[in-house]
Each structure stands twice: as structure tokens, then as C-alpha cells.
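Asker: Sequence isn't available, so here's the structure alone:
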């Protein structure tokens, strides 16, 4: 089975170097977090850019600093019909208990938080004031997110990088790791530019191209003929 799944911050292609530097500073402890009223990372950007995928990577790397091997994460969406009051009440009850994480923090993902109504987001703001949580939110529509939530968050753009070669470098690593035939740089640049940061499209295109490349059979060693 071919694996295109990133497993570390260094595997991600960010839209700019400042974003990656900010995340690395938080993970390493160079920047205190949560602190200064900010307990949340708000990942925003285009579809397929890896926001939800990166959420668990971030929590696992943050947890490693405290000696943990894998973060225990609670993931919520607004698709199950549960009222926001019920969600917040349940989360508060959970967070009042001892955390399973070595950091003693409770890790929570709110996926596609723009699906919450304006009133629901306002109700959610009070929960973000807790000091024992680290929250990661994702959205494709930053303009739909309450300004109070944005104020409590570091805004992390997940849009396409302007440098196509950022993707070329990562794609080459993926190809090598999966023992696939290498693709020419010009083709990889075209794939990256057409995908506009959508990794679902990039991975699909890369696999198709690799599968279409005919790999010549290994050369057989010539047999020596013994002259009698």
C-alpha cells in the first residue's frame, strides 16, 4: 500500500516560512503556549491542504516534549446534532478530570468550526479561556469565525505555497519512500501548480504518473561460454 501520509511538521509544506517557524517554536517550548490568553491554533485555508492531518501531528510532537509517545485527543464536529451547550458542558466535565497526557493538558480538535453558528461560536469562546486545554480548530472560511475566537488563537494559514519547488522536494521524498519511479522535476512542478495546495489531488496525480512509467526489467548477466 502506498503511503503519502505526513508524520511530522517537517513533512508539511506551509505557505510561508514564518508559519513553520511559529509552530516549531511552540512545539519546542521556545514560545510559551498556551499563554497570554491564547490557547488555540486556528488552521485556515484551502481544501485538501492538510489541516486536519496536521492537527494530530502537532499534538503528538507537543506531547513528546513532555515524555509522551502519543497524544490523547478529543475531536469534535458540529455534524452529529449535539447542542453546543451539551458539547461545552461535556468538555468542561472531561477537563476537570486528570489528563491522560504527560503535559497535563487536554487536547481538543474542533474540525470545520465554521459549521458552528455565530451564537454557537460565542458560546464556545468561554470554554477557550480554560488554562488546562490546547485547542486546534480548522476552517476553510476564516471570515466565518468569530473575532473573539480569532483573538484567542494563533492564526495558521494552510494555503498553497507560492514556491512550487517546496512541493517538488516533498513529493520526491514520498516517491523514494514508496519505491516508485522518479518523475521529472518539470512534471512535478506542473502537478503542484495545478493542484493549488490540494494534497489529495497531488497524491492522486503523482501515483497515476508513477504507475504509467514503464520500468525496464533488470538486465540479465551474460552467461560465459566455455570454449572447448
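Answerer: Received it, and whenever you're ready, just let me know what you need. Since this is a predicted model, take the numbers as computed values, not measurements.
Asker: which SS class is residue 48?
Answerer: For residue 48, the reduced secondary structure class is coil; criterion used: DSSP: H, G, I helix; E, B strand; the rest coil.
Asker: Wait, it touches residue 196, no?
Answerer: No. Residue 48 lies out of contact with residue 196 (C-beta atoms under 8 Å); the separation is 9.1 Å. In this view, the C-beta of every residue, glycine as well, is placed from N, C-alpha and C.
Asker: who has more neighbours, the two?
Answerer: Each of residue 48 and residue 196 has its neighbours counted (other C-beta atoms under 10 Å); residue 48 has more, 18 against 14.
Asker: Find the nearest non-adjacent residue to the more buried one, please.
Answerer: When the adjacent residues along the chain are set aside, residue 48 lies closest to residue 198, with 3.5 Å between them (C-beta to C-beta, 6 or more residues apart in numbering).
Asker: tally of neighbours for the one you found?
Answerer: Other residues near residue 198 come to 17 when the count uses other C-beta under 10 Å.
Asker: Isn't it up against residue 47?
Answerer: Yes. In this structure residue 198 lies within contact range of residue 47 using C-beta under 8 Å: 6.2 Å.
Asker: Isn't residue 92 up against residue 128?
Answerer: No. No contact is recorded between residue 92 and residue 128 when judged using C-beta under 8 Å, the distance being 11.7 Å.
Asker: which of these two has more neighbours?
Answerer: With other C-beta under 10 Å as the criterion, residue 92 and residue 128 differ in neighbour count, and residue 128 comes out ahead with 21 against 13.
Asker: Can you tell me how far the more buried one is from residue 83?
Answerer: Using C-beta to C-beta, to the nearest Å, we find residue 128 at a distance of 18 Å from residue 83.
Asker: again, but for residue 127
Answerer: Looking at residue 127 against residue 83, where the rule is C-beta to C-beta, the gap reads 14 Å.
Asker: ok, the residue nearest to residue 113 when sequence neighbours are not counted - contacts?
Answerer: If the residues on either side of it in the chain are set aside, residue 113 comes closest to residue 137, at 4.4 Å by C-beta to C-beta, 6+ apart. Neighbour list for residue 137: 40-43, 109-111, 113, 145, 149, 153 [criterion: C-beta atoms under 8 Å, 6 or more residues apart in numbering].
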